[in-house]
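Trainee: sequence? don't have it. structure:
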Ligand SMILES: *Cc1c(COP(=O)(O)O)cnc(C)c1O
């Protein structure tokens, strides 16, 4: 499998999965994609139907990571997708399913179901890919005798998934910046209670934007970055995207009886990483009818899929919402889909994303390309705080299930795209415990708390406080890496 950049640099060069595992953007600023999508045959699809999650993950990933010896890859997927890691199930769910499917009921003739992607250690779907990344990084670094220091900024969600994936892993350390005293008690406890020496929490005396600015400043110091082996694990990382392809297959098998059926998925979306994996599953031949992109008030993607206009938002137009993990100003994985939409023409992708940099967006409404959006199965919708509260209440009253705010956005939009006889699977991307305030507002009660989280806020916490200065952070990293 060869990987290419969406902007075309390095055509003719070879990049294997392992080559791009530890990198983010391609050198030309584009994103990596396979030179061709691997296809799944009818025989394979029939055989995969009964596999365990770990075995299915092996089969899917083997098509993308053919440079990793099969025995090693099988061992990595077995070690990652275990019932004792994805153990935070609700009554009626089986941890061994890893991503259990819960049928809600039939609405407008369409069976409606939730696919739980949030039973991992941090109760959000980022664990699905990040846990694999932790094991892949450890494996790849050991093979090459390298070390890696992951630097990141978080306002709560991604940072904790990265820390729980990398804790105790040989060769990897995590330096995670978070705004001092600005996260919820739960989020703070989740991250700061980790005691592994390779997880370093840095509380910055500032806001989240200060944390992000510091990460950018450090990353722009190429000499420092190289000397201290600094890397990132953001959502454009290809291994994260590809790991997410697996649960579209798993969800399909759980919702159907035979491979002649088609299903639709609704995906609560921010950076387009999750639904990009759905697009790839569809391109591989999984019988997906529609991919429904659900946004919150930050509706960059909904606007594009309705109108053909992609318009990046400024800071003043980027809203803090009650589904905060979808609060984005631009969708960093979107370029991967645009590449396919434009018939994989890197020159046009380069031109369009230059327009994004120069003019803040582009308009495909008049071009023939936009009409092809429907051929790729995409439709969309958006949701707001009132919709979210209503969906949480409705699902609780009608089906006795408590859902989180992001899943509520998904459910609201899914209901706008039901088709009789086509099962609709809504991806459940987080558990309600993380968003207690909105659950109390919607239901007048506390969110459910999985047993493993009892007493989390009372555990001892470990973190360092630093001023919002890039030089202070650099000195701190240098002292800790001993270089
Ligand atoms: C990150 C996240 C999303 C958005 O996923 P993208 O891949 O960025 O589209 C949705 N819901 C939750 C709970 C998340 O953590």
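Mentor: In hand now; what should we look at? Keep in mind it's a predicted model, so treat the numbers as computed, not measured. Residues are numbered from 1 along each chain as shown.

Trainee: count of residues packed around residue 401?
Mentor: 17 (other CB atoms under 10 Å). All C-beta spots, glycine's among them, are computed from the backbone N, C-alpha and C.

Trainee: Sorry, slip of the keys, the one I care about is residue 50.
Mentor: So residue 50, with other CB under 10 Å, has 9 neighbours.

Trainee: Could you look up the SS state of it?
Mentor: Secondary structure, DSSP: H, G, I helix; E, B strand; the rest coil: residue 50 is coil.

Trainee: Buried residues, stretch 315-328. List them.
Mentor: Of the residues in stretch 315-328, 318, 321-328 count as buried by neighbour count, 16 or more other CB atoms under 10 Å.

Trainee: out of those, who's nearest residue 36?
Mentor: Nearest to residue 36 among those is residue 328, at 29.3 Å by CB to CB.

Trainee: Please name the nearest non-neighbouring residue to the closest one.
Mentor: Of all residues not flanking residue 328 in the chain, residue 270 sits nearest, at 4.6 Å (CB to CB, 6 or more residues apart in numbering).

Trainee: Make sure the one you found is actually in contact with residue 329.
Mentor: No. Judged on CB atoms under 8 Å, residue 270 makes no contact with residue 329 at a distance of 10.2 Å.

Trainee: what do the two both touch?
Mentor: Here residue 270 and residue 329 have residue 298 as joint contacts, going by CB atoms under 8 Å, 6 or more residues apart in numbering.

Trainee: what about these two, which has more around it?
Mentor: It is residue 270, of residue 270 and residue 329, that has more neighbours when counted by other CB under 10 Å, with 25 against 14.

Trainee: Quick check: phi and psi at the more buried one.
Mentor: Torsion angles at residue 270 (phi, psi; degrees, to the nearest 10) stand at phi -130, psi -80.

Trainee: Now do it against the ligand, distance only.
Mentor: If you measure residue 270 against the ligand using CB to the nearest ligand atom, to the nearest Å, the figure is 3 Å.

Trainee: could you measure that residue against residue 64, distance?
Mentor: Distance, residue 270 to residue 64, by CB to CB, to the nearest Å: 23 Å.

Trainee: How about residue 127: what's its closest non-neighbour residue?
Mentor: Once flanking residues are discounted, residue 127 sits nearest to residue 120: 2.9 Å by CB to CB, 6+ apart.

Trainee: Residue 456 now?
Mentor: The shortest distance from residue 456 to any residue other than its chain neighbours is 4.9 Å, reached at residue 189 (CB to CB, 6+ apart).

Trainee: quick one, what contacts that neighbour?
Mentor: Contacts of residue 189 (CB under 8 Å, 6+ apart): 456-457, 459, 461.

Trainee: Now name the helix or strand holding it.
Mentor: Residue 189 is part of helix 185-192, with elements assigned from DSSP states H and E.

Trainee: ok so residue 143 is a helix residue?
Mentor: Yes. In this structure, residue 143 lies within a helix as judged by three-state DSSP.

Trainee: what's around it, how many residues?
Mentor: 11.

Trainee: Check residue 347 too.
Mentor: 10.

Trainee: where does it land on pLDDT?
Mentor: pLDDT for residue 347: 96.

Trainee: do the same with the one 3 residues further on
Mentor: Note on residue 350: pLDDT of 96.

Trainee: That one: what secondary structure?
Mentor: Per three-state DSSP, the local secondary structure of residue 350 is helix.

Trainee: Three-state assignment for the residue lying closest to it once chain neighbours are set aside, please.
Mentor: Distance criterion CB to CB, 6+ apart; nearest residue to residue 350, sequence neighbours excluded, is residue 7 at 4.6 Å. Judged by three-state DSSP, the three-state class of residue 7 is coil.

Trainee: ok, now residue 33?
Mentor: Recorded secondary structure, residue 33: strand (three-state DSSP).

Trainee: What's the separation between it and the ligand?
Mentor: According to CB to the nearest ligand atom, residue 33 and the ligand sit 16 Å apart.

Trainee: That residue and residue 7 touch, don't they?
Mentor: No. Applying CB under 8 Å as the test, residue 33 and residue 7 come out as separate, 10.9 Å apart.

Trainee: about what we covered before: so the residue nearest to residue 350 sits against residue 26, correct?
Mentor: Yes. In this structure residue 7 lies within contact range of residue 26 using CB under 8 Å: 6.9 Å.

Trainee: Give me the common contacts of the two.
Mentor: By CB under 8 Å, 6+ apart, residue 7 and residue 26 have no common neighbours.

Trainee: Got phi/psi on the nearest residue to residue 309 once chain neighbours are set aside?
Mentor: Setting aside the residues directly before and after it, residue 309 is nearest to residue 363 in space (CB to CB, 6+ apart), at 4.9 Å. When read as degrees, to the nearest 10, the backbone of residue 363 gives phi -130, psi 110.

Trainee: what about residue 363, neighbour count?
Mentor: Residue 363 has 16 neighbouring residues, counting by other CB under 10 Å.

Trainee: what does residue 4 give?
Mentor: Residues lying near residue 4 (other CB under 10 Å) number 24.

Trainee: quick check, it in a helix?
Mentor: No. Assigned with three-state DSSP, residue 4 falls outside any helix and is strand.

Trainee: Run through the residues that contact the spatially closest residue to it that is not a sequence neighbour.
Mentor: Excluding its sequence neighbours, the residue lying closest to residue 4 (CB to CB, 6+ apart) is residue 35, at 5.1 Å. The neighbours of residue 35, taking CB under 8 Å, 6+ apart as the test, are 1-4.

Trainee: And residue 157, by the same measure?
Mentor: Counting by CB under 8 Å, 6+ apart, residue 157 has contacts 122, 124, 126, 187, 324-325, 434.

Trainee: what's the farthest-apart pair in these?
Mentor: For those, the maximum inter-member distance is 14.3 Å, found between 122 and 324 (CB to CB).

Trainee: What are the structural domain limits within the protein?
Mentor: The record's domain parsing of the chain by the TED database lists 3-124+238-438, 147-228+455-481.

Trainee: Count the residues that sit near residue 207.
Mentor: By other CB under 10 Å, neighbour count at residue 207 equals 14.

Trainee: could you check the distance from it over to residue 191?
Mentor: For residue 207, the distance to residue 191 - CB to CB - is 17 Å.

Trainee: same deal with residue 45?
Mentor: For residue 45, the distance to residue 191 - CB to CB - is 40 Å.

Trainee: These two: who's more crowded?
Mentor: Just comparing residue 45 and residue 191: by other CB under 10 Å the higher neighbour count belongs to residue 191, 25 against 17.

Trainee: pLDDT on stretch 99-107, on average?
Mentor: The average pLDDT within stretch 99-107 is 98.
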